[in-house]
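Participant: Fold the stuff below for me.
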Amino acid sequence: MLATNRPLGCRQLIFTHTCLSFKYPYFYFRRRLGFGKCLGKFAAVHDITYKFFCCRGGDDKDTSLKHLIVSAKPPSKSTSKKDASGDQAMKTKNALLTVASIFLVSLLGLAYVYFSFPQLEDHEKQHVKLPWDIEDAKKLGQVLDRYKDRYFTEVLGGIFITYIFLQTFAIPGSIFLSILSGFLFPFPIALLLVCFCSATGASLCFLLSSLVGRRVVYKYWPERAAQWAATVKKQNDNLFNYMVFLRVTPFLPNWFINIVAPVIDVPIKPFWLGTFFGVAPPSFVAIQTGKTLHQLSSSDAKFSWNSVILLAVFAVLSLIPVLVKQRLRRKFE
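Facilitator: From the prediction side, this is the model:
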């Protein structure tokens, strides 16, 4: 394509018909000095590469005018894929750095709680750790029970932060903190604490998964995620009840629900509410277990058959969702 001497406005951009189809795009325009940004903006918007071929045209006396012929080519598919892959890798890297930073800040928060606690005796320090079984929870409860009355806020805050930390990063052990809550606090306070921490920690895990979870989920659990996405779509008008159902019944592990939910576009509001109310029935047993351990480990308490019977009743009640799971499954399919 050759530049012509046809007079053009100094900011006018002329396209040929081939430019519109982007098969063999050529266009030219005539510009005055200082008008070079026009092409740059056009190229940035349309994602094109270009080359300049300058020649004299128009009135020979008008030396401030130039004809610029631009050869514009869309980026190749391979280049686009590489750029997209690079952008995605950079986004994933930034998201992982964000998650790692949040984890480190959370660890610093736990360290602050530990060092702000009142001075412990040497034989007590060995029991102040994350409980991994009922015996650990019992020994930790006995230590904290000594300080609970004088340092109620510190004890409650320590359990609160630790519980949310475990839930946020899908670390096992929160069940023993539920037992510990029953060991230390009255039943209503313990139940509210466990439900709120479970819902809030799960929601924080939900938010972290929304940053990096999509690629992980579809890499390791593609079929399971696709099946659950189809089920959630069917229950779109009944998500609160469905989330309660998932938390009460043992169909899906809680950590899997927390990680996959944002990937399949479950809204966070029904997720939080469904978790808050859904974890209550299973928490009854853990809290009552803690209260029974407290009564049986108390030096001035006698063996109580009432406590054992009450614990057995709660254990049986916790099995009801398992026994009726087929009926519940049909309801939500």
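Participant: Next secondary structure after the helix or strand where residue 94 lies?
Facilitator: Per DSSP states H and E: residue 94 is located in helix 77-115. Note on helix 77-115: by DSSP H and E, the next helix or strand toward the C-terminus is helix 122-125.
Participant: what comes into contact with that next one?
Facilitator: 143, 146 (Cβ atoms under 8 Å, 6 or more residues apart in numbering). (Each C-beta comes from the backbone N, C-alpha and C, glycine too.)
Participant: Can you point out the buried residues in it?
Facilitator: residue 124 (16 or more other Cβ atoms under 10 Å).
Participant: Please enumerate residues in contact with the next helix or strand after that helix?
Facilitator: Using DSSP H and E, the helix or strand that directly follows helix 122-125 along the chain is helix 134-147. Surrounding helix 134-147, the residues in contact under the criterion Cβ under 8 Å, 6+ apart are 117-118, 120, 124, 127-131, 154-155, 176-177, 179-180, 183-184, 289-290, 293-294, 297.
Participant: Which among the residues you listed count as buried?
Facilitator: Among those, those scoring as buried are 117, 124, 127, 130-131, 154-155, 176-177, 179-180, 183-184, 289-290, 293-294 (criterion: 16+ other Cβ under 10 Å).
Participant: Tell me where the model's unsure across the chain.
Facilitator: In the predicted model of the chain, residues 1-89, 250, 298-333 satisfy pLDDT under 70.
Participant: and it, what are its domains?
Facilitator: The chain breaks down into these domains under automatic domain parsing: 13-74, 117-331.
Participant: Convert whichever helix or strand residue 269 is part of to CSV, retaining C-alpha atoms only.
Facilitator: Secondary structure assigned from DSSP H and E places residue 269 in helix 268-278. The C-alpha trace of helix 268-278 is given here as CSV (Å, rounded to 0.1, in the frame of the first residue of the first chain):
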residue,chain,number,x,y,z
ILE,A,268,-20.2,-16.8,51.3
LYS,A,269,-23.3,-15.7,53.2
PRO,A,270,-25.2,-19.1,53.0
PHE,A,271,-21.8,-20.8,53.5
TRP,A,272,-21.2,-19.0,56.8
LEU,A,273,-24.7,-19.4,58.1
GLY,A,274,-25.0,-23.0,57.0
THR,A,275,-21.7,-23.8,58.7
PHE,A,276,-22.7,-22.0,61.9
PHE,A,277,-25.9,-24.0,62.4
GLY,A,278,-24.7,-27.1,60.7
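Participant: what's the following helix or strand after it?
Facilitator: Taking DSSP H and E, what comes next after helix 268-278 is helix 280-297.
Participant: what number of residues lie near residue 235?
Facilitator: For residue 235, the neighbour count with other Cβ atoms under 10 Å is 17.
Participant: Check the contact between it and residue 244; I expect there is one.
Facilitator: No - using Cβ atoms under 8 Å, residue 235 is not in contact with residue 244; the gap is 11.4 Å.
Participant: okay, and the common contacts of these two?
Facilitator: Residues touching both residue 235 and residue 244 (Cβ under 8 Å, 6+ apart): none.
Participant: What is the burial count for residue 275?
Facilitator: Residue 275: 28 neighbours (other Cβ under 10 Å).
Participant: same deal with the one 10 residues further on?
Facilitator: For residue 285, the count of nearby residues is 21 (other Cβ under 10 Å).
Participant: ditto for the one 10 residues further on
Facilitator: A count of neighbours around residue 295, defined by other Cβ under 10 Å, yields 16.
Participant: Then residue 267?
Facilitator: Residues within reach of residue 267, counting by other Cβ under 10 Å, total 13.
Participant: In three-state terms, label the closest residue to it other than its chain neighbours for me.
Facilitator: Nearest residue to residue 267, sequence neighbours excluded (Cβ to Cβ, 6 or more residues apart in numbering): residue 239, at 6.9 Å. Secondary structure for residue 239, judged by DSSP: H, G, I helix; E, B strand; the rest coil, is helix.
Participant: residue contacts, residue 239?
Facilitator: Contacts of residue 239 (Cβ under 8 Å, 6+ apart): 232, 266-267, 270-271, 274.
Participant: Just the buried residues of those residues.
Facilitator: Of the contacts of residue 239, these count as buried by 16+ other Cβ under 10 Å: 232, 266, 270-271, 274.
Participant: Please tabulate the residues you listed in JSON lines, including the columns distance to residue 225.
Facilitator: Putting these into JSON lines (distance: Cβ to Cβ, whole Å) gives the following:
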{"residue": "232", "distance to residue 225": "10"}
{"residue": "266", "distance to residue 225": "12"}
{"residue": "270", "distance to residue 225": "19"}
{"residue": "271", "distance to residue 225": "16"}
{"residue": "274", "distance to residue 225": "19"}
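Participant: Closest one to residue 111 out of these, please.
Facilitator: Within these, proximity to residue 111 (Cβ to Cβ) peaks at residue 271, which comes in at 29.8 Å.
Participant: gap between that closest one and residue 168?
Facilitator: 14 Å (Cβ to Cβ, to the nearest Å).
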